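Visitor: model this:
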Amino acid sequence: MQLNRRNFSGGLTALAFSGFAQHSSLARSGEAMSHKGYGALQPDPNGLLDLPEGFSYRVISEFRGAMSDGNRVPDRADGMGCFAMPDGKIALVRNHELKVSNFDDGPFGNIPSTLETYDHSTDGKPLVGGTTTLLLDGQTLAVEREHLSLVGTIRNCAGGITPWGSWLTCEEDVTRAGDGVKRDHGWVFEVPAAHEGLVDPVPLKAMGRFNHEAAAVDPATGIVYLTEDRNDSLLYRFIPNVAGKLTEGGKLQALVFADETLDNDSRNWNNPSLKPGAWQFVRWIDMTDVESPVDDLRIRGANDGAVKFARGEGIIFGDGEFYFCCTSGGATKEGQIMRYRPSRFEGQKEEAGAPGLLQLFMESTDRRQYSYGDNIEIAPNGHLIVCEDQYSDTVDNHLRGVTPRGEAYALGRIRVQTEPAGACFSPDGKTMFLNLYSPTKTLAISGPWGKAI
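Guide: Presented below is the predicted three-dimensional model:
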């Protein structure tokens with residue numbers, strides 16, 4: 001397996017995130033979430049991104065910029081992964097959340113393309129959702145190559161990197177063939193970071209057809225965990241037949257509370273059933289008919305007892321556990337962060353005797369402290385970094401840091417009316433890359449990321 005940030009980030013987070021479960025209940029009150037973080041945000045003279053003192057950014061790619069393959073940088077940059085490459089290079093694989101109607105915002109502009117794409121609209125235009133790949137000099141961060149790496153999909157929202165050096169890009173769309181397009185959508189696709197040019201677009205259908213959001217691979221087992229962006233979403237895991245070879249199929253399952261007396265609703269909207277900091281044993285149930293032609297996978301799972309989550313979004317592995325955002329969870333619907341600790345027998349028959357554990361790690365009660373968390377990452381100092389994605393007419397989106405005690409603080413403020421997305425770190429932990437959704441801008445942010453605060 002190729003070493004990359006997702007499978008060595010555990011070493012950075014072990015001290016910070018281990019052993020703090022008993023404290024995370026502090027996150028129930030806005031007063032508890034008053035951590036000062038890196039200090040006050042400094043106004044950006046360019047009106048783009050406010051950061052604390054000692055931090056700075058540079059724009060390395062933006063919408064309509066010329067790419068190496070003759071295409072242009074598409075709009076709506078969302079999830080993104082960072083990879084260590086040979087000779088000290090860095091690769092970024094970046095999603096573009098483009099719909100069927102967004103042709104003019106895609107890589108071709110308004111010019112018809114003859115490229116072979118995964119799908120076309122029924123009027124013959126290639127679909128423009130997909131990914132772009134950037135190759136950077138590891139020292140200067142200069143872009144050496146930028147190209148289209150997947151095209152013809154719809155609303156590539158988030159995803160996740162694999163320990164073997166690829167990006168899993170997820171379609172947050174379940175359009176059916178005949179509904180303005182020629183093929184079904186709602187799949188996960190794999191994009192090797194080292195691939196030059198367009199990859200062969202192979203939908204990983206055994207991973208299910210649903211409103212995919214993000215993915216995280218456990219480097220210890222090769223199991224893939226998947227979130228779903230729906231108000232009544234489930235948390236899934238995919239146990240591959242062969243670890244690291246997702247095209248060879250596997251088994252899709254959904255998470256269930258082991259205690260059958262518990263309400264299977266984690267959203268805490270009406271009668272809160274989960275208390276921040278408390279752990280619950282879980283089990284997993286097999287999903288059937290996973291290609292779900294009528295988009296009812298989550299409904300069938302919930303009927304069988306699977307836990308419902310409030311818009312599962314970003315997911316990230318730390319030290320033997322992972323965290324994922326539930327965008328609109330909690331009594332105030334401002335958002336939750338869940339934490340899952342796999343069984344030492346995860347995915348094996350012995351798992352029943354030593355089950356995995358789920359925790360409501362944080363639940364926001366105050367929009368000013370944390371609101372609508374989406375993409376999520378782990379910083380070199382072990383804190384979580386969450387990208388906000390508010391849905392009001394006038395948004396005030398922030399980058400939020402979250403401490404091991406579940407305390408949120410402002411790490412950055414987006415000064416334009418868009419969302420931050422795709423936060424990921426360079427292999428050396430010195431630079432965080434970040435997308436501004438629309439118009440697309442990809443930033444490289446430097447600062448004292450390893451500072452203990």
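Visitor: give me the most central residue, this structure.
Guide: Central residue of the chain (Cα atoms, centre = their mean): residue 314, 3.3 Å from the mean position.
Visitor: which pLDDT value goes with that residue?
Guide: In this model, residue 314 is scored at 97, pLDDT.
Visitor: before we move on, what about residue 397?
Guide: We have a pLDDT of 96 for residue 397.
Visitor: residue 111 now?
Guide: At residue 111, the pLDDT value in this model is 75.
Visitor: and residue 393, by the same measure?
Guide: pLDDT, residue 393: 79.
Visitor: measure how buried it is and give me the count.
Guide: When counting by other Cβ atoms under 10 Å, one arrives at 6 neighbours for residue 393. To be clear about C-beta, it is placed using only N, CA and C from the backbone, and glycine gets the same treatment.
Visitor: if we can go back for a sec, is the residue nearest to the centre of the chain in contact with residue 225, as I believe?
Guide: No - between residue 314 and residue 225 there is no contact under Cβ atoms under 8 Å: 11.7 Å.
Visitor: element containing the residue nearest to the centre of the chain?
Guide: Assessed by DSSP states H and E, residue 314 sits inside strand 312-317.
Visitor: what's the following helix or strand after that strand?
Guide: strand 322-326.
Visitor: for that following strand, give me every contacting residue.
Guide: By Cβ atoms under 8 Å, 6 or more residues apart in numbering, the residues outside strand 322-326 that reach it are 214, 216, 218, 225, 227, 235, 266-267, 309-316, 335-340, 361, 373-376, 378, 384, 386.
Visitor: hang on, the earlier thing: with just CA atoms, put the strand holding residue 314 into PDB.
Guide: Extracted in PDB, the C-alpha atoms of strand 312-317 (Å, rounded to 0.1, in the frame of the first residue of the first chain):
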ATOM      1  CA  GLY A 312     -24.300  12.200   6.500                       C
ATOM      2  CA  GLU A 313     -21.500  14.200   4.900                       C
ATOM      3  CA  GLY A 314     -17.700  14.300   5.300                       C
ATOM      4  CA  ILE A 315     -15.900  11.400   6.800                       C
ATOM      5  CA  ILE A 316     -12.300  11.000   7.900                       C
ATOM      6  CA  PHE A 317     -10.100   8.300   9.500                       C
END
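Visitor: ok, back up a step: please determine how far the residue nearest to the centre of the chain is located from residue 246.
Guide: Here residue 314 is placed at a distance of 20 Å from residue 246 (Cβ to Cβ, to the nearest Å).
Visitor: give the contact list for residue 198.
Guide: Here residue 198 is in contact with 115-116, 148-151 (criterion: Cβ under 8 Å, 6+ apart).
Visitor: go again using 7 Å as the cut-off
Guide: Shown in contact with residue 198 (Cβ atoms under 7 Å, 6 or more residues apart in numbering): 115, 148-151.
Visitor: against residue 369, how distant is it?
Guide: Going from residue 198 to residue 369 by Cβ to Cβ gives 43 Å.
Visitor: pull out the buried positions in stretch 441-453.
Guide: Within stretch 441-453, the residues that count as buried by 16 or more other Cβ atoms under 10 Å are 441-447, 449.
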